[in-house]
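Student: Predicted model follows, preceded by the sequence.
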Amino acid sequence: MSSFCSAFQTSKQTRRGRHRIFTDEQRKDRNRTAQAAFRAKKMEYYAGLESTVDDLQRTVSLLREGESRWNTVLKEKETEVADLRREVTRLKSMLVRIVDGQSEQPTQSPPVEIQDLFPPTPPASTSDSTDDDLETLLSSLDTPMELSAKPCDLQFDQLLHTMTDAPSDTIQETLALASGVFRIYLVCR
């Protein structure tokens, strides 16, 4: 029995912490099973990554489509803003020409009331000069305002008298623009 104990102790000392030894066939089966499990886990991980890539590619394509749509809308709005700025500049220059034409020529009939078309603005200074009034009017055009579109009676000869130095196409543009914004009644006498 002592020989058995000594053999057990020597085998225990040499194989400390090791698992029991399998036969070659058992070891091959365990390796095959472990490799199959590893391959299955790896394939599952790859499939998850591929689905994530597909989702991200779909998201990227949707974002690109949205970006192209928004770029188109942005370009349209930039064009619209540029057109509106040109229109405001054109209207300011027409207004300056109209006011200059009124101040240079004596009027026989009462002038057109601009206060009816625009809300009153606070006076910039106490002087009654035309330049100050013009600057006040132009500065009020730069600020946002609500226009009251009430009908006003304009006499046709008043319109012609205020725009005698303007070309006829400018008069037609002014009347077309004014009739689009306000309802103007032309009274011929």
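Tutor: Structure received. Numbering: from 1, shown residues only.

Student: Where is the longest helix in this structure?
Tutor: When the chain is scanned for its longest helix (criterion: DSSP state H), the result is helix 24-104.

Student: Let me see the mean pLDDT of it.
Tutor: Helix 24-104 carries an average pLDDT of 94.

Student: Run a quick neighbour tally on Ile98.
Tutor: If you count neighbours by other C-beta atoms under 10 Å, Ile98 ends up with 19. Every residue, glycine included, has its C-beta placed from N, CA and C.

Student: again with Val99
Tutor: For Val99, the count of nearby residues is 19 (other C-beta under 10 Å).

Student: State the distance from it to Ser93.
Tutor: To Ser93, Val99 is 11 Å away according to C-beta to C-beta, to the nearest Å.

Student: do Arg85 as well
Tutor: Arg85 is 13 Å from Ser93, by C-beta to C-beta.

Student: What of Thr52?
Tutor: Computed with C-beta to C-beta, the distance linking Thr52 and Ser93 is 60 Å.

Student: Next: Asp55.
Tutor: From Asp55 to Ser93 the distance is 57 Å (C-beta to C-beta).

Student: ok, now Lys77?
Tutor: 25 Å.

Student: May I see the buried residues of stretch 28-42?
Tutor: By 16 or more other C-beta atoms under 10 Å, stretch 28-42 has no buried positions at all.

Student: what's it in contact with?
Tutor: Applying C-beta atoms under 8 Å, 6 or more residues apart in numbering, the contact partners of stretch 28-42 are Phe22.
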